[in-house]
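# this one's structure only:
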Ligand code: SF4
Ligand code: FES
């Protein structure tokens, strides 16, 4: 038997055991991922660091899945030095596997603040610019958060036109029509939810009430606008083609 101290507790271990094995046998929590009892340790994930004092008296962090017990070994599993290395190790893994729920849950278990998963936005502001400069709805803004700048909705401003989604180079803005409602959203949340109107030609739900109202208001004073209609793009195309054919027929 070998006696070691983990977090000020005296513990008996068997020669040849690793610190991680002893900790596990004694219900002492050390984060780890690449350790497997049936395999030789590889020290790959670097999550299992513990603080020990080196023969030269320096406080160093060593991987507990590799570190073998020896008489009088003193180990700290949650010192400031360990925490610092653990945060680095978790963030290194999350850079490689940002969507790993297992790594995120493990990080949470050890109170490790980690980088949030990327939401696909490259902060080009095309969605915000087009919504302000062309559509004129002003439904999006860039907001500074603890995790960097994020595109956010200005509540009540989205008219459900979908122009932002058409322009977004990474396709992260989604427009979904369901049960007569259009939802515009990103992974971070809903931008707008709008009731849809029926096309007077084919009866298909095709545009939001707010969008049609916006178009009507924006074009009322335009000299070329004679009347407003409620027709979907397909019906408009059909009608235009029909009108042109009729014109040609009359000419002949
Ligand atoms: S949501 Fe899309 S368009 Fe808007 S800033 Fe991000 S990447 Fe650009
Ligand atoms: S468990 Fe992965 S390095 Fe120790």
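Perfect, thanks for sending it. Values in this document were obtained by computation on a predicted structure and should not be read as measured data. Numbering: from 1, shown residues only. Ligands and ions are numbered 1, 2, ... in the order given.
# Show me what counts as buried in whichever strand or helix holds residue 246.
Assessed by DSSP states H and E, residue 246 sits inside helix 233-251. By 16 or more other CB atoms under 10 Å, the buried positions in helix 233-251 come out as residue 235. All C-beta spots, glycine's among them, are computed from the backbone N, C-alpha and C.
# ok, now stretch 46-53?
So for stretch 46-53, counting by 16+ other CB under 10 Å, buried means 46, 47, 48, 49, 50, 51, 52.
# now those as JSON lines including pLDDT, secondary structure and distance to residue 160?
Rendered in JSON lines, the data for these read as follows (pLDDT from 0 to 100; DSSP: H, G, I helix; E, B strand; the rest coil; distance: CB to CB, whole Å):
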{"residue": "46", "pLDDT": "98", "secondary structure": "coil", "distance to residue 160": "47"}
{"residue": "47", "pLDDT": "98", "secondary structure": "coil", "distance to residue 160": "45"}
{"residue": "48", "pLDDT": "98", "secondary structure": "coil", "distance to residue 160": "50"}
{"residue": "49", "pLDDT": "98", "secondary structure": "strand", "distance to residue 160": "51"}
{"residue": "50", "pLDDT": "98", "secondary structure": "strand", "distance to residue 160": "55"}
{"residue": "51", "pLDDT": "98", "secondary structure": "strand", "distance to residue 160": "56"}
{"residue": "52", "pLDDT": "97", "secondary structure": "strand", "distance to residue 160": "60"}
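# out of those residues, who's near ligand 2?
Filtering the buried residues of stretch 46-53 for neighbours of ligand 2 using CB under 6 Å from any ligand atom leaves 46, 47, 48.
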